[in-house]
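>>> Have a look at this prediction, sequence included:
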Amino acid sequence: MQVQARNALPLSFFQRPTLELCRELLGKNLCRMRGGELLRLPITEVEAYDGPEDLASHASRGRTARNSVMFEAGGLWYVYLCYGVHWMLNIVTGDKDYPSAILIRGAGEANGPGKVTKELGIKADFNKRPAIPATGLWMEDAGLHVEEHQVKTCPRVGVGYAGPIWAEKPYRFIWTPDAPKPRRGTTGMGSVTRK
DNA sequence: TAAGTGATCTCT
DNA sequence: GAGATCACTTAA
């Protein structure tokens, strides 16, 4: 039947502005074919690393052997080892020569970037490979629409070294399916949230 | 809250 | 080549 790859997202899907893509990725399925078994995990949390000026990004200090894949056109996996223990899975985004990528921080039951790769058995061998079914690791459209009010943003994790400007950017996107739909028309303007 | 862990990067 | 750093997790 070969149905499994029908809704696979094409590489062109990732060749768009990173921040815009972050919202799109929430609710999409992260797919992994391993030993004849197909795993599908809905993406729940991501983080953007966008452009050469983003001081939190590996690309902020220019091109190196490790980060070179970030400079490619979107649709490739960027996988690297963190703290000597955990593999981080990123999808390269945007146009060629513009370094950017999105870190997959949560999918399915896995609620941390190191857990995602552990659950899916992802290591360095996926680095620089395209996100297509033939690779064994790709994404597909799950056919659901994530509403804007279900997307929560906040600063990225563990990037204090980037300085206040970049560390505080709301580049972390979390899918909160249970978030209440904002009332419309009533006592207005989404309440004056003073904090 | 602290430590493990090893690739990578920035100096000598 | 040596030393510091790090897009995290787990066990207290």
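Thanks, I have the structure now.

>>> List the contacts of stretch A:63-76.
Stretch A:63-76 is contacted from outside by A:10-16, A:21, A:49, A:57-59, A:77-78, A:80, A:90-101, A:127-131, using Cβ atoms under 8 Å, 6 or more residues apart in numbering. Heads up, the C-betas are built off the backbone N, CA and C, glycines and all.

>>> Please list which of the residues you listed are also close to DNA strand B.
A:58, A:80 (Cβ under 7 Å from any atom of the strand).

>>> Show me how to select, in ChimeraX, the buried members of the contacts of stretch A:63-76.
The buried subset of those, as determined by 16 or more other Cβ atoms under 10 Å, is captured in ChimeraX by this line:
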select /A:11,13,14,15,21,49,57,58,59,77,78,90,91,92,93,94,98,99,100,101,127,129,130,131
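
>>> Sort out for me which of the contacts of stretch A:63-76 are in strands.
A:49, A:77-78, A:80, A:90-92, A:100-101 (DSSP state E).

>>> chain center to stretch A:171-178: distance?
When distances are taken as Cα atoms, centre = their mean, to the nearest Å, stretch A:171-178 is centred 11 Å away from the chain's centroid.

>>> quick one: it near DNA strand C?
No. Remark: stretch A:171-178 sits outside contact range of DNA strand C, by Cβ under 7 Å from any atom of the strand, the gap being at least 9.9 Å.

>>> buried set for that stretch?
A:171-175.

>>> Then stretch A:142-151?
A:146, A:150-151.

>>> Out of those residues, the closest to A:Glu53 would be?
A:Val151 (24.3 Å; Cβ to Cβ).

>>> any idea how far the closest one is from A:Gly114?
Going from A:Val151 to A:Gly114 by Cβ to Cβ, to the nearest Å gives 23 Å.

>>> Please apply the same query to A:Ala167.
21 Å.

>>> Check A:Gly84 too.
12 Å.

>>> neighbour-wise, which of those two wins?
A:Gly114 (16 against 5; other Cβ atoms under 10 Å).
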